[in-house]
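Peer 1: Build the 3D model from these lines:
(one chain, ligands or ions: 1)
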Amino acid sequence: MNQYIPKGTAKVSARGLDVFYGDKQALHHIDLDIAAGEVTALIGPSGCGKSTFLRCINRMNDLVEGARVSGTLTLDGNDIHDRRLDVVQLRARVGMVFQKPNPFPKSIYENVAYGPRIHGLARDRAELDEIVMNSLEKAGLLAEVESRLSESGTSLSGGQQQRLCIARAIAVNPEVILMDEPCSALDPIATAKVEELIDELRDNYTIVIVTHSMQQAARVSQRTAFFHLGKLIEVGGTEEIFTNPCEPLTQGYITGRFG
Ligand SMILES: Nc1ncnc2c1ncn2[C@@H]1O[C@H](COP(=O)(O)OP(=O)(O)OP(=O)(O)O)[C@@H](O)[C@H]1O
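Peer 2: Presented below is the predicted three-dimensional model:
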């Protein structure tokens, strides 16, 4: 198999990762390293386990009744299933952006201020303001919302709401950002803006994105991992995966023979 091992230490590393939902095994013995400062795309047909893998990284599967994970998964070499690990802290280090933009029914300002406030990241209102403004700026949204920070987050367009959710994730200084089909509810222009943003963010964050769009994976990622029926079939440089994959299954998927 085309096994990608990053040159530096992997930011996130899975070894022999199995995930079960009740009796059903959703992931089989996944070995995958995710490098810092890159965008890694997870692709594959519906139900192949992409979202399941993504949700392991911030232990969102803990919230799914009957879900069971075995094998090892590390963040900076530390086991994320260590009993002593604080899951709230883990989810601050590993932020998540979902398929459907899900701003809180609060003001634009409060959407971004919420995380830093509960994590005690600002000493006073001025510091909080600075975090909110910086996060909106990094998410490419500040110019559009600066004059309406007290309006509801839900009053924004879908694309703006998704960038607000990205600002909300950034506000707690994450190291990794997980994105589960972040553009599937957006029109092409909003999608292009989010993709541009992903490219800008990769200098400072490790990004893992699940996408059904191979064009999107090709545009935004440097590494692509192809899953099929709960197994990792192949991982490699994105260009290589899309032009010269090693595995016939990958070839079949990228050429649209199944999926
Ligand atoms: N909460 C759950 N309870 C039971 N089974 C689940 C649950 N979530 C996912 N599964 C099953 O696990 C397998 C992997 O699902 P997952 O959502 O990870 O796949 P996916 O590749 O992200 O699919 P899609 O592209 O359709 O979102 C599927 O067979 C799915 O039915």
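
Peer 1: what does the stretch 51-200 of the chain put close to the ligand?
Peer 2: Proximity of the stretch 51-200 of the chain to the ligand, by Cβ under 6 Å from any ligand atom, involves residues 51-52, 64. The C-beta positions use only the backbone N, C-alpha and C, and glycine is treated the same way.

Peer 1: ChimeraX command for the buried members of the residues you listed?
Peer 2: Buried residues within these, by 16 or more other Cβ atoms under 10 Å, are selected in ChimeraX with:
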select :51,52
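
Peer 1: By pLDDT, give me the weakest of the residues of the stretch 51-200 of the chain next to the ligand.
Peer 2: Note: of those, the lowest pLDDT belongs to residue 64, at 93.

Peer 1: Quick one: the helices in this protein, in order.
Peer 2: Per DSSP state H, the chain carries helices over the ranges 50-57, 87-93, 108-118, 125-138, 142-145, 158-170, 188-201, 214-220, 238-243, 248-254.

Peer 1: So what touches the first one?
Peer 2: Just to be clear, that refers to helix 50-57. Residues from elsewhere that reach helix 50-57 (Cβ atoms under 8 Å, 6 or more residues apart in numbering): 12, 14, 17, 19, 26-27, 30, 32, 42-44, 61, 64, 69, 73, 75, 80, 94, 96, 176, 178, 180, 208, 210, 227.

Peer 1: Okay, buried residues for stretch 185-199 please.
Peer 2: Of all the residues in stretch 185-199, those buried under the rule 16+ other Cβ under 10 Å are 185-186, 190-191, 193-195, 197-198.

Peer 1: Now for residue 102: which residues touch it?
Peer 2: residue 165.

Peer 1: what's the burial count for residue 30?
Peer 2: Residues contacting residue 30 under the criterion other Cβ atoms under 10 Å number 23.

Peer 1: still on that earlier bit, just send the helices of the chain back as CSV, with distance to residue 151 too.
Peer 2: What follows is the helices of the chain, written out as CSV (distance: least, Cβ to Cβ, whole Å):
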stretch, distance to residue 151
helix 50-57, 31
helix 87-93, 26
helix 108-118, 6
helix 125-138, 13
helix 142-145, 8
helix 158-170, 11
helix 188-201, 19
helix 214-220, 30
helix 238-243, 38
helix 248-254, 43
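
Peer 1: Low-confidence ranges, the stretch 101-250 of the chain, go.
Peer 2: By pLDDT under 70, the stretch 101-250 of the chain has no low-scoring segment.

Peer 1: before we move on, back to that, quick one: mark the members of the contacts of helix 50-57 that sit in strands.
Peer 2: Using DSSP state E, the subset of those located in strands is 12, 14, 17, 19, 26-27, 30, 32, 42-43, 69, 73, 75, 94, 96, 176, 178, 180, 208, 210, 227.
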